[in-house]
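> fold the stuff below for me.
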Amino acid sequence: MGNETVVGVTAILGYARVSTAGQDLGAQLVALSAAGVSTDRVLTDKLSGSAKAGRPGLAAMLDYARAGDTVVVTAIDRLGRSVAEVTRTIAELGERRIMLRALREGVDTATPTGRAVAAIMATLAELELELDQERRAASRESRRTRQLPATKPHKLSHERQEQLRRLVATGEPVRELAAASHATPAAVITHTIATIRGQQLADLSVYHARTPDVRIALTWGGVLMHIWSCQAAQGLLEAFSAARAAMARVPREIPPPATPLDEPFAPTTLAVDWTRRPTYAVVPQSGPSKSGGNILNWVDLYTGPLTWRIRDHAGLRSTIELLAKAHKTAIAVCPDGDRYSADPTTDDHKRPEERPLAPGRSRAPGAGRAWVRSGRFGRRA
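Purely as a prediction, here's the structure:
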């Protein structure tokens, strides 16, 4: 091969961020377009919560950018939600020889002045990191001097924690266990609502099949359900099947809301762990629309701390199909599958309180509980 000259192609990238999903990116997008950034080269984030949350838009832009590219933001503070976060991002851009332009502050690292400002901010980021490490080291040394653990010890022993996990898995209420253990949680969800309307599609996964730790994960419409027993799967299917008798005045189908182009997938906003059969109640409801011109009819299905608001027949029908699939799966993979294999959607199915009890047996109050976690789901304790 002979000598070749490769001409690098640089890109101008834009980044915009707002702190909450309710805020509008429009003003930032207009400013970036006026600064010469093509609309298809702008990445965005809509974030809320603590500064520790991820920034997928910024991460994607940093992954795409190469040396010589220019990143344009409307203001320096768009690069992070804390001074340390902003300065760390600026330092990373400098190390990778990626130029930065901040429109409001007039910072441009393609100029000597801009590079000087960026260098100062990068130095501040390094200083903040070193000071934080010193503070942590001083705190650990102070605790050692006082013959205390280097970190804050758990209130409960490891054995007690394992015991509580086993009790929760059997359906014992979290609030009562926390009170008995003097380890009251920071918050307990007492009630939440999940709306069902339109055709429901779901993803079903099975973990640890045919073992005592088996669970079925069912994800649909922003809801993640973990079903830990065939009894729970049968009970949920029974509850939704019972709602069919109250659907006479509910619409056949309501068109689902349009999905924003920048959010093609529904994020999980509610996670529920079902360990036993839930108690339930079906209540027809009605009320005026937001405009006040029409009367809306729906059905509320109460299952303990979680109310399912069923808005149309299509939503209920498809949900029953999903839960029927989960029940059939539970029969095959759960240890109690043989005991709770009866199909609760049939007309001759009897609810537990309608079945005769064995001599000497009594029915426990509040049988069937759900552990509800609101927000993005995490690992089960």
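
> was I right to think I76 contacts L103?
No - with contacts counted by C-beta atoms under 8 Å, I76 stays clear of L103, the gap being 9.7 Å. Any C-beta I mention is one placed from the backbone N, CA and C, and that applies to glycine too.

> those two: which is more packed in?
Neighbours were counted for I76 and for L103 using other C-beta atoms under 10 Å; I76 has more, 21 against 18.

> what's the distance between that one and T279?
Between I76 and T279 the computed distance is 55 Å (C-beta to C-beta, to the nearest Å).

> for the closest residue to V42 other than its chain neighbours, helix, strand, or coil?
In this structure, V42 finds its nearest non-sequential neighbour in G14, 3.8 Å apart by C-beta to C-beta, 6 or more residues apart in numbering. At G14, secondary structure determined by DSSP: H, G, I helix; E, B strand; the rest coil is strand.

> what's the answer for P335, then?
For P335, the assignment made with three-state DSSP gives coil.

> and if you look at A330?
Criterion first, three-state DSSP; result for A330: helix.

> got the contact list for A202?
Taking C-beta atoms under 8 Å, 6 or more residues apart in numbering, we find A202 in contact with 218-220, 322.

> quick one: the residue nearest to V42 from L316, how far?
Separation of G14 from L316 (C-beta to C-beta): 45 Å.

> circling back to that earlier point, can you redo the contacts of A202 as a markdown table with pLDDT, secondary structure and neighbour count?
What follows is those, written out as a markdown table (pLDDT from 0 to 100; DSSP: H, G, I helix; E, B strand; the rest coil; neighbours: other C-beta atoms under 10 Å):
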| residue | pLDDT | secondary structure | neighbour count |
| --- | --- | --- | --- |
| L218 | 90 | strand | 22 |
| T219 | 87 | strand | 18 |
| W220 | 81 | strand | 18 |
| L322 | 94 | helix | 21 |
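
> these two touch, right, T345 and A243?
No - T345 is not in contact with A243 according to C-beta under 8 Å; the separation is 11.4 Å.

> and the two? which has more neighbours close in?
Higher neighbour count among T345 and A243: A243, with 22 against 17, using other C-beta under 10 Å.

> now that one: phi and psi?
Phi and psi for A243, reported as degrees, to the nearest 10, are phi -70, psi -20.

> can we start the residue count at 46 from this point?
Right, with 46 as the first residue, what we last looked at is A288.

> ok, it touching I355?
Yes - the criterion here is C-beta under 8 Å, and A288 meets it with I355 at 6.0 Å.

> need the overlap of contacts for those two.
In contact with both A288 and I355: 344, 346, 361, using C-beta under 8 Å, 6+ apart.

> among those residues, which are in helices?
Among those, the residues falling in helices (DSSP state H) are L361.

> out of the shared contacts of A288 and I355, which comes closest to D258?
Closest approach between the shared contacts of A288 and I355 and D258, by C-beta to C-beta: L346, at 28.9 Å.
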